[in-house]
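Novice: Got a sequence here, can you build the structure:
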Amino acid sequence: MYDQQVQEWMATLECPPFKAPSKMKLIGTCNGVKVGMSYDSIRRIAKFDSQPSNQYIYPSFNDL
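Specialist: Below is the predicted model:
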């Protein structure tokens, strides 16, 4: 639906220093605007990521 915007945001992600995990925030740029995702939002989304890490495929640059 918004693939280009999501890809742009993910390609520019930063994680500024934080003092506690609950204060963590991911910040990326989308359409020239800085957009942040809070720790609470990340936790809500993460519950849908149910695969163990060894089930994911990490393609090489040649595969892309």
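Novice: all helices for the protein, in order.
Specialist: Assigned by DSSP state H, the chain shows helices spanning 3-11, 39-46.
Novice: for those, which one sits closest to Pro17?
Specialist: With C-beta to C-beta as the measure, helix 39-46 is the member of those nearest Pro17 (13.8 Å). In this view, the C-beta of every residue, glycine as well, is placed from N, C-alpha and C.
Novice: residues touching the residue most central in space within the chain, list them.
Specialist: Centroid-nearest residue in the chain, with C-alpha atoms, centre = their mean: Met10, separated by 5.5 Å. By C-beta atoms under 8 Å, 6 or more residues apart in numbering, the contact list for Met10 reads Gly28.
Novice: if you set the cut-off to 10 Å instead, what comes out?
Specialist: Contact partners of Met10, counting by C-beta atoms under 10 Å, 6 or more residues apart in numbering, are 26, 28, 30.
Novice: swap in Lys25?
Specialist: Per C-beta under 10 Å, 6+ apart, neighbours of Lys25: 14-16, 18, 36-42.
Novice: Quick check: it vs Tyr2, distance?
Specialist: Lys25 is 20 Å from Tyr2, where distance means C-beta to C-beta, to the nearest Å.
Novice: now Asn54
Specialist: Per C-beta to C-beta, Asn54 is found 30 Å from Tyr2.
Novice: now do Ser38
Specialist: Ser38 is 19 Å from Tyr2, where distance means C-beta to C-beta.
Novice: So which of the two has more stuff around it?
Specialist: The residue with more neighbours, out of Ser38 and Tyr2, is Ser38; 13 against 9, by other C-beta atoms under 10 Å.
Novice: Tell me if I'm right that the more buried one and Pro21 touch.
Specialist: No - between Ser38 and Pro21 there is no contact under C-beta atoms under 10 Å: 11.4 Å.
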